[in-house]
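Chemist: Requesting a structural model of the entry that follows:
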Amino acid sequence: MQLKVSRREQTKRLTELGVLIALEIIIAFTPLGTIQVGTIAATLGHIPVIIAAIVLGTAEGAFMGFVFGLLSFLYWTFVQPMNPTAFMFTPFCQLGEIRGSAWSLLICFVPRILIGVVAGEVCKLVKRTTNRDGLAYGLAGAAGSAVTTILVLGLTYLLIGRPYVAAVFQGGTAPENAMAWLLAAIGGVILTNGIPELIVGAIAAIGIGYALVPRRLVLGIDIGSSTTKIALLRGDHVEWTKRIENGGDLEAELRQLNLTRVKKVCVTGVGASYITGDLCGIPTERVEEFRALGKGAALIAKKRNLIVCSVGTGTSFVRVTPFSSFHIGGSGIGGGMLKGLSEKLFGRFDAAHIAELAKAGALGDIDLTLADVCEGTISNLRPETTVANLAKAGTASDEALAHGLYNVIFQSIGVMAAFAAKHHFVRTIFVCGTILEHGTLAKDALESVATLHKVKFILPEQAAFVTAIGAAQLG
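Modeler: The predicted structure follows:
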């Protein structure tokens, strides 16, 4: 599906950049660009750059950093060329015999461009690792502010330190140790200007980030082997979810939905490899499935230290930590096994029908339990503990057989998940997948495992859409 980004989306992004450029011009050439508190002055030129980075992206942030540098160059070249500060930002200045240096162009542009790069990447990294938007915006604002202060002052000291001191003391007596004086002056500027600018940058990024980013709608699409799950998110809030059976035209299905305000589409799952362009003219990004799974689970569970167990055709296990999500293993046991055995044993497979059939069956008629082989208990094993799954299949009814299939699948998955949790020193296991939507059989099987292994299973209401939700969050 190779489509171009819509003209509407292009116009929207250009308009947003235009507004930020206009704001940068106002900040650069009017007194509104400085906040004065007593003797402390905090400049605001870095704020539009940080806004662009966290709202639009790293590339747009870098572009706004270039605009910031260009406006600084123009200001100190044409408005204040006789000011000693001009030596930091333009080579076209002169005070007596002292002329500007070409190094000033590097000092003027590189730190400002890096504001956008650092702020954008920090925002994405913190969102990815902590799932906390406010923290991501604040750290991105602080990091962007720190970059320009440290690099501008540091490069000034390293590249044009002596000419700059000479310009400052033009017509006066320069200190004997000029570089030591400059280093002390830089320390004073960091305390009186750099720290206030860092604070202003962090506060502005949090406020503006929360004001603008949550209003942007992101569509997450999880394309599985049999069904496609869709979730629309506004920030961390799930607006709606939808399921589409595979085999139809995905783009035609999407065009029937109201996607006029959607900023981005994020696709994941085994079928995402077939999406080669933008869907419905909306910027479309492919995201890694296990990262999306971990992200969605952390949002729904409101925990960032757990094992995620995704039951699809097979089963995958993902470890979620406060810093990252990563795949730790998998099993071929899952919905595919239930489907195949149901077709063989009952002649057809309909998930709802098999679940209803299983509810009418008794596990005692299909599984061998501890009570069948001994009296009392052994260690921490209760009489109802399963000794052998499907051991009585030869004489069991279809209802008991169906119940036994559910039980063997989810007990096996639960035990593997419990072992994984113990290995990673956690006790919470988040279980998701379409198969959980049919009755309480899966929950009953997992609860027996939880009691035996002292772990906790979370089975969310939106079990089928966890990966789609996580994909949208990664956008």
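Chemist: can you give me the strands in the stretch 151-300 of the chain?
Modeler: For the stretch 151-300 of the chain, applying DSSP state E, counting those that start in this stretch gives strands covering 217-223, 227-234, 237-245, 262-268, 284-286.
Chemist: Run me through the strand neighbours of the first one, direction for each.
Modeler: Taking DSSP bridges as the criterion, strand 217-223 sits next to strand 227-234 (antiparallel), strand 262-268 (parallel) in its sheet.
Chemist: again, but for the shortest one
Modeler: For strand 284-286, the paired strands and their directions (DSSP bridges) are strand 262-268 (parallel).
Chemist: Can you list the neighbours in contact with the partner strand?
Modeler: With contact meaning Cβ atoms under 8 Å, 6 or more residues apart in numbering, strand 262-268 is reached by 216-223, 232, 275, 278-280, 282-289, 292, 467-468, 470-472, 474-475. (Each C-beta comes from the backbone N, C-alpha and C, glycine too.)
Chemist: Mean pLDDT and distance to I300 added to the strands paired with strand 217-223, as TSV?
Modeler: As requested, those are arranged in TSV below (pLDDT from 0 to 100; distance: least, Cβ to Cβ, whole Å):
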stretch	mean pLDDT	distance to I300
strand 227-234	90	11
strand 262-268	90	16
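Chemist: would you list those in JSON lines and tack on mean neighbour count and distance to F78?
Modeler: Formatted as JSON lines, these follow (neighbours: other Cβ atoms under 10 Å; distance: least, Cβ to Cβ, whole Å):
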{"stretch": "strand 227-234", "mean neighbour count": "22", "distance to F78": "45"}
{"stretch": "strand 262-268", "mean neighbour count": "24", "distance to F78": "38"}
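Chemist: So which of those is nearest G116?
Modeler: G116 lies closest to strand 262-268 among these, at 18.7 Å (Cβ to Cβ).
Chemist: chain center to that closest one: distance?
Modeler: In terms of Cα atoms, centre = their mean, to the nearest Å, the gap separating the centre of strand 262-268 from the centre of its chain is 13 Å.
Chemist: can I get the CA coordinates of that strand in PDB?
Modeler: What follows is strand 262-268, C-alpha atoms only, in PDB (Å, rounded to 0.1, in the frame of the first residue of the first chain):
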ATOM      1  CA  VAL A 262      -5.300  11.200  13.400                       C
ATOM      2  CA  LYS A 263      -1.700  12.400  13.400                       C
ATOM      3  CA  LYS A 264       0.100   9.000  12.900                       C
ATOM      4  CA  VAL A 265      -0.600   5.400  12.300                       C
ATOM      5  CA  CYS A 266       1.600   2.800  14.000                       C
ATOM      6  CA  VAL A 267       1.500  -0.800  12.700                       C
ATOM      7  CA  THR A 268       2.900  -3.900  14.300                       C
END
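Chemist: longest single helix anywhere in the chain?
Modeler: Longest helix in the chain by number of residues (criterion: DSSP state H): helix 133-168.
Chemist: what comes up buried for that one?
Modeler: By 16 or more other Cβ atoms under 10 Å, the buried positions in helix 133-168 come out as 133, 136-149, 151-153, 155-157, 159-161, 163-168.
Chemist: What helices and strands are in contact with that helix?
Modeler: Helix 133-168 sits against helix 47-55, strand 98-99, helix 103-130, helix 178-189, helix 195-212, with contacts defined as 3 or more Cβ pairs under 8 Å, 6 or more residues apart in numbering; DSSP states H and E.
Chemist: what's the least confident stretch among these?
Modeler: Mean pLDDT per stretch puts strand 98-99 lowest among the helices and strands packed on helix 133-168, at a mean of 78.
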